[in-house]
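# Here's a sequence, model it:
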Amino acid sequence: MSIKTYAHRGFSGLYPENTMLAFQSAIVKGQADGIELDVHLSKDNELVVIHDEKVDRTTNGTGFVKDFDVDELKALNANIRFIDIYGKQEIPTFEEYCTYIKDKDIITNIEIKTNLIYYPNIEEKVVAMLKKFNLLDRVIISSFNHGSTIITKQIDKNIPCALLVDSQGLLNIGSYANTLNMEYYHPDVITLNKKIIEECKHHNIQVNTWTVNSMEALARCVELGVAGIITNYPDIVKSYIKFKGC
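Next comes the predicted model:
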């Protein structure tokens, strides 16, 4: 099985992160196998795609996502980094993304952002939206809040889920993930080593690692034999994987 390439927040190396432009470009120009994105809940209880709990870093607004309704979020410009190139870009709703991706052979890695602010029932809302668009067989649900992945499994045990772990890492991850009936482990690439890969393989846990943006890290991931690589530059990763024949 070949190593899969996941576009981190879309093709975020060259396009404004977590926007429809970044997602479309990841597929058309980056040739990604999958897309990684982040979901929060707006003030009016709608699923929206943005990474941070606050809008300050990626938009021209300020404040917490949870304090804006969808129309207010849509009025913001989600393209601060590339504004001179691509102009105004909106914060997408998760429904907009699902509408776009529903007929495409793409895996979506949905990070539920409940590690700093917990949004009640967000897991149920995500699963309901995926069911609406018949996407349950083309997703991975992940979170740094492992409670959210556990809740997702309680809603539907067949939904593939991943444990996100930060740069501190986690001991005995294979056994831990297996005990929770998780299919994936998503570590920071700086923590990745042969022992972790072997332990996860022993417990039938697949490893998708983030965020791989250097050739050195990319070469190490390929050598270790990860299942997937999450990157801001899917075009480069995809080309390298093809060149290495893996």
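# what about residue 195, neighbour count?
8 (other CB atoms under 10 Å). C-beta: built from backbone N, CA, C; applies to glycine.
# what kind of secondary structure is it in?
helix (DSSP: H, G, I helix; E, B strand; the rest coil).
# roughly how far apart are it and residue 226?
Here residue 195 is placed at a distance of 14 Å from residue 226 (CB to CB, to the nearest Å).
# again with residue 70
Relative to residue 226, and taking CB to CB, residue 70 is found at 36 Å.
# Low-confidence bits of this protein, can you list those?
1 (pLDDT under 70).
# quick one, strands of it?
Taking DSSP state E as the test, the strands found in the chain are 4-8, 34-41, 47-49, 107-112, 139-143, 161-165, 184-187, 206-209, 228-231.
# residues in contact with the fourth one?
Translated: strand 107-112. 4, 6, 33-39, 94, 97, 101, 122-123, 126, 135, 138-145, 148-149, 152, 162, 164, 186, 208, 230 (CB atoms under 8 Å, 6 or more residues apart in numbering).
# my read: residue 240 touches residue 218, true?
Yes - Residue 240 is in contact with residue 218 according to CB atoms under 8 Å; the separation is 5.7 Å.
# what about residue 70 and residue 226, which has more around it?
Counted by other CB under 10 Å, residue 70 and residue 226 do not tie: residue 226 has more neighbours, with 25 against 17.
# who's in contact with stretch 61-76?
For stretch 61-76, with CB under 8 Å, 6+ apart as the criterion, the contacting residues are 40-44, 46, 48, 50, 52-56, 59-60, 90-91, 93, 117, 119.
# Could you identify the buried members of these?
40-42, 46, 48, 50, 52, 54-55, 59, 90-91, 93, 119 (16 or more other CB atoms under 10 Å).
# I'd like these as TSV, with distance to residue 28 appended.
Listed next are the buried ones among the contacts of stretch 61-76 as TSV, based on distance: CB to CB, whole Å:
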residue	distance to residue 28
40	26
41	30
42	28
46	27
48	23
50	22
52	26
54	30
55	27
59	24
90	19
91	21
93	21
119	32
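# Grab the nearest non-local neighbour of residue 221.
Excluding its sequence neighbours, the residue lying closest to residue 221 (CB to CB, 6 or more residues apart in numbering) is residue 229, at 5.4 Å.
# Hmm, the one you found is touching residue 219, no?
No - with contact defined as CB under 8 Å, residue 229 does not reach residue 219; the gap is 11.0 Å.
# okay, those two: which has more neighbours?
The neighbour comparison of residue 229 against residue 219 (other CB under 10 Å) goes to residue 229, with 28 against 13.
# who's in contact with the residue of the chain most remote from its centre?
Here the chain reaches farthest from its C-alpha mean at residue 84, the gap being 26.5 Å by CA atoms, centre = their mean. Listed by CB under 8 Å, 6+ apart, the contact set of residue 84 is empty.
# can you pull out the helices in the protein?
20-28, 70-75, 83-86, 94-101, 122-132, 146-155, 173-179, 194-202, 215-224, 234-244 (DSSP state H).
# most packed of these?
Mean neighbour count (mean count of other CB atoms under 10 Å) peaks for helix 20-28 among the helices of the chain, with a mean of 22.
# That one packs against which elements?
On a contact count with 3 or more CB pairs under 8 Å, 6 or more residues apart in numbering; DSSP states H and E, helix 20-28 meets strand 4-8, strand 34-41, helix 94-101.
# Distance to residue 177 added to the strands of the chain, as TSV?
What follows is the strands of the chain, written out as TSV (distance: least, CB to CB, whole Å):
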stretch	distance to residue 177
strand 4-8	18
strand 34-41	18
strand 47-49	26
strand 107-112	16
strand 139-143	12
strand 161-165	5
strand 184-187	5
strand 206-209	10
strand 228-231	15
